[in-house]
Structure formats: structure tokens, C-alpha cells
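Participant: I would like the atomic coordinates for the input below:
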Amino acid sequence: MDIDVEALKKRFNIIGNAPMLIHALRTAAQVASTDVSVLILGESGTGKEVFSKIIHQLSHRKNYPFIAVNCGAIPEGTIDSELFGHEKGAFTGAVESRKGYFETANGGTIFLDEIGEMPLMTQARLLRVLENGEFIRVGSSKIQKTNVRIVAATNVMLTQAIEKKQFREDLYYRLNTVPLYIPPLRQRGEDIIELFRYFAYEFALKHNRTTALRLEEDAKPILLKYTWKGNVRELRNIVEQMTILVPDNHVSAEVLSQYLDANSIKNTPVSGLPSLATDNSNSKDFYTEREILYKVLFDLKKDVNDLKKVVSQLLQNRTDIPTANIPNLFLKTKDISTSLTDADTFHDFSIIEQEAQPVQEESLSLEQKEIATIIAALKKHHHNRRKAAQELGISERTLYRKIKQYNLDE
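Facilitator: Next comes the predicted model:
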């Protein structure tokens with residue numbers, strides 16, 4: 001599937017070029033055309049609802065309703081009525097029958113934010129909707145049908161909630177058909193500077209300022225080192241404050257520090273995936289530190305095994321692919337992640353080397369197999385690199401880089 005990321009960013013007003021953000025955009029675009037459930041993972045303020053709208057707008061349901069529901073904001077006693085509706089007299093105050101969100105959004109998409117806050121009894125009702133599209137209004141015995149696509153989101157670790165009997169395991173696996181990870185702002189590097197400038201111009205217009213905030217060079221490292229616990233939402237609020245309060249519009253390191261929490265300026269690198277040197281299993285950041293990496297690792301392992309089978313069969317039937325003098329470089333799992341996936345997306349897999357089982361050397365190295373697969377795809381499509389990249393399931397940019405890396409130019 002050929003995805004124009006720049007067009008997506010322009011259409012949905014997405015600012016930034018961080019690899020993990022681009023990966024999230026590609027994933028959202030790829031899954032949109034299907035009806036599978038999506039679980040969006042990310043901290044508060046990262047833009048999970050924006051991605052749910054992207055999925056809806058790119059789907060065949062785009063002309064039907066989109067309803068966003070914050071499960072943590074609805075009292076436990078009324079959430080069933082809000083989601084599934086109720087009959088007249090079902091409870092005190094139910095003076096008339098009312099449709100719920102699942103009935104109103106029939107044909108469209110429901111975004112369930114903070115899904116981890118949903119009560120267990122409501123989770124059971126939701127599971128029934130996911131399994132067969134059926135629900136019952138509160139106070140009724142009549143089964144009704146709905147055709148709704150569910151996109152859920154969480155900023156907490158649902159597997160811990162499952163262990164504590166606070167979240168249904170069967171519902172988790174139903175929702176988690178396709179996980180979509182939105183990176184926190186602190187992992188997006190130079191995107192922070194770009195977002196600052198964007199918001200500066202936005203608020204200059206909003207508050208009738210003749211000039212926008214100007215970020216001085218000495219202030220940039222502070223922006224990049226700040227932890228941004230509130231993510232994009234926090235950055236936006238701070239820029240608006242400074243637009244109103246900074247008299248000369250010049251934001252130096254000294255000025256910026258007055259608006260930031262000194263205890264939230266970190267000393268760790270801002271690029272790449274977070275370090276796993278400490279156990280953060282009790283924090284909301286846990287998704288960004290272990291569970292996401294594990295899923296990537298397991299998916300990667302499956303891809304590697306599939307690739308081994310395909311290339312082995314290919315080489316058994318081909319004699320014109322050179323393999324004798326190819327260096328055996330890709331024996332570490334870290335290198336596997338770089339060679340078999342888009343290196344622009346995931347590039348820090350130090351945890352894998354610690355916890356994965358040792359990789360046994362085989363007669364045919366992974367690098368050899370990758371080269372053979374690329375050569376086969378190029379020959380099949382008469383060196384049309386775009387078609388070859390599509391068949392290989394990688395971006396054209398990645399294919400160009402691989403061709404240059406292995407000296408495969410004609």
C-alpha cells in the first residue's frame with residue numbers, strides 16, 4: 001500500500017517528522033480500510049483522539065457518525081445508559097426512552113478513550129458488541145444490532161489491570177487486534193522545536209500580536225531536555241502563556257525556564273526509545289518501555305522466520321544469486337531490527353539483546369537472505385524499485401538505502 005505521508009500530515013494538520021510518529025501515521029492509514037478494532041496506546045496529551053479521527057476519515061465509514069467517549073468522565077451508574085441507551089422508567093429520572101451511542105453511531109465509529117476506566121459490567125456489554133454486534137438497552141430485554149467500528153485508547157497498562165481483575169482479558173484481546181503507539185513528545189526530538197514555532201504563529205494570530213514568539217538558540221536545548229509530562233497539550237499551553245506574557249516576544253533560555261518545571265528537565269537523550277535501565281512497571285510510561293518493544297520483537301521474530309522459509313525456497317531454485325563472499329554481519333537481534341524493518345521507525349532495541357535467547361548462526365546469514373530477497377524482487381519487477389518495495393513491504397526510501405548499502409545498483 002503506497003501511503004503519501006506528507007499528504008496525510010497536511011490533511012490532518014500533523015506537525016513533525018519523528019520516525020515513530022510517521023510509523024503511527026502509516027499504521028493508521030493501513031488499518032483504516034479494514035473493520036478491525038484498534039487499540040491506541042500513548043500518554044495523555046499525545047493526540048490519541050486525532051489518530052482515531054484519521055482512522056475514521058480514511059475508512060468506508062467516513063460518511064457515518066464518529067462519536068468520541070471519555071470512559072473516565074462518565075459516572076459508573078450512567079455509563080451503560082450513555083453507551084447502550086435506556087427505556088422509559090428504567091431508573092429514576094428516565095422519563096423517556098433514549099438511544100445510546102452504539103445505536104446513534106450505527107455504521108460509523110466509536111472512539112472509547114480511557115478504556116481502562118470502564119467498569120467491569122460495562123466491559124461485558126462491550127465484549128458482546130465486539131463479538132456479534134448485539135446490545136440491550138438498560139431496562140429492556142430486546143436484543144438490538146449495531147454495526148460500529150470500535151477504536152479504543154488507553155494511557156495505562158491494561159495487562160496490569162487484568163492481573164488486578166480490573167479489566168477483562170478477553171476484552172483486551174478483542175480490542176487489541178491492531179495496537180497503534182503514539183510516541184510521547186519527549187521522544188520526538190526536533191519536532192518539539194517545529195511545534196513550538198507552529199503554536200507561536202497560531203497564538204500570535206489568535207491574540208492579535210504583530211509578531212510571533214522567537215525562540216533563541218540557547219533556549220532550544222532546554223525544550224529538548226524537558227520531559228513534557230503533558231506532551232503536546234502542555235507545550236501548546238506554555239506557548240500560549242508566553243505569547244500573552246512575554247513583552248518583547250524573544251524567548252531566551254532564561255525566559256523559557258520561568259515557564260517550565262525545573263524538576264522536569266531530564267539529562268537523558270531525547271531521541272530513540274526510552275531506556276529500560278530501571279523498572280518502570282508501576283508507571284503509566286510502561287507501555288512506552290517494555291510492552292511495545294515486546295510486541296515489536298515478537299512480530300519481528302515471526303517476520304524473520306517467514307523470511308527464512310521464503311528465501312530458502314527461493315535459493316533452492318536459483319543458481320544465479322551470489323552468496324559466497326557476502327559478509328556475515330547480521331547475527332545480533334539489534335541488527336535484525338535494522339535490516340528487516342524500516343530503520344527509520346524503530347532504532348533502539350538494546351532490551352532485546354538482554355532478554356532474547358541467543359541467535360544460532362546458520363549457514364546462510366540473514367544479510368545474505370535479505371540481499372537475495374531484494375535481488376529477486378528487483379528482477380521480478382524488471383528493476384522497478386517502487387513495485388519491488390511494495391512487494392517487500394518496505395518504503396521506497398528504505399529500498400534505495402538497502403540497494404546502496406549492498407552495492408546492488410545495476
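
Participant: Need the pLDDT of Ile67.
Facilitator: In this prediction, Ile67 carries a pLDDT score of 97.

Participant: Would you verify that it is located in a strand?
Facilitator: Yes - counting by DSSP: H, G, I helix; E, B strand; the rest coil, Ile67 falls inside a strand.

Participant: which residues touch it?
Facilitator: 101, 104-105, 108-111 (CB atoms under 8 Å, 6 or more residues apart in numbering). Backbone N, C-alpha and C define where each C-beta goes, glycine included.

Participant: would TSV of those with neighbour count, distance to Tyr226 and pLDDT be doable?
Facilitator: Below are the contacts of Ile67 laid out as TSV (neighbours: other CB atoms under 10 Å; distance: CB to CB, whole Å; pLDDT from 0 to 100):
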residue	neighbour count	distance to Tyr226	pLDDT
Tyr101	20	37	95
Thr104	15	41	95
Ala105	23	38	95
Gly108	20	38	97
Thr109	25	34	97
Ile110	24	35	97
Phe111	25	29	97
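
Participant: from the residues you listed, which is closest to Asp4?
Facilitator: Distance to Asp4 across the contacts of Ile67 (CB to CB) is lowest for Thr109, with 22.3 Å.

Participant: pretty sure the closest one contacts Ser52?
Facilitator: Yes - counting by CB atoms under 8 Å, Thr109 does reach Ser52; the two are 7.3 Å apart.

Participant: if I look at the two, which residues touch both of them?
Facilitator: With CB under 8 Å, 6+ apart, Thr109 and Ser52 have common neighbours 66, 151.

Participant: which element follows the worst-scoring helix or strand of the chain on mean pLDDT toward the C-terminus?
Facilitator: Ranked by mean pLDDT, DSSP states H and E, the weakest helix or strand in the chain is helix 350-355, scoring a mean of 36. Using DSSP states H and E, the next helix or strand after helix 350-355 towards the C-terminus is helix 366-380.

Participant: Now the element after that next one, going C-ward?
Facilitator: Counting by DSSP H and E, the next helix or strand C-terminal to helix 366-380 is helix 385-392.

Participant: Could I get the buried residue list for that next one?
Facilitator: By 16 or more other CB atoms under 10 Å, the buried positions in helix 385-392 come out as 388-390, 392.

Participant: so what's the residue positioned nearest the centre of the chain bridging to?
Facilitator: In the chain, the centroid-proximal residue (CA atoms, centre = their mean) is Tyr181; its distance is 2.4 Å. Taking DSSP bridges, one obtains Leu41 as the residues bridged to Tyr181.

Participant: Do I have it right that it meets Leu41?
Facilitator: Yes - with contact defined as CB under 8 Å, Tyr181 counts as touching Leu41 (4.9 Å).

Participant: circling back: which ones among the contacts of Ile67 lie within helices?
Facilitator: 101, 104 (DSSP state H).

Participant: among the contacts of Ile67, which two are most distant?
Facilitator: Farthest pair in these, by CB to CB: Thr104 and Phe111, 13.5 Å.

Participant: And the pLDDT at the nearest residue to Phe199 once chain neighbours are set aside?
Facilitator: Leaving aside its chain neighbours, Phe199 sits nearest to Val239 (4.0 Å; criterion: CB to CB, 6 or more residues apart in numbering). Note for Val239: predicted pLDDT of 97.

Participant: Next SSE downstream of the helix or strand where Val239 lies?
Facilitator: Using DSSP H and E, Val239 sits in helix 231-245. The helix or strand immediately downstream of helix 231-245 is strand 250-251, counting by DSSP H and E.

Participant: Which strands border that next one, and is each parallel or antiparallel?
Facilitator: Short version: by DSSP bridges, strand 250-251 pairs with strand 214-215 (parallel).

Participant: ok, which stretches of the stretch 51-200 of the chain are helices?
Facilitator: Assigned by DSSP state H, counting those that start in this stretch, the helices in the stretch 51-200 of the chain fall at 79-84, 101-104, 120-132, 158-163, 169-175, 191-206.
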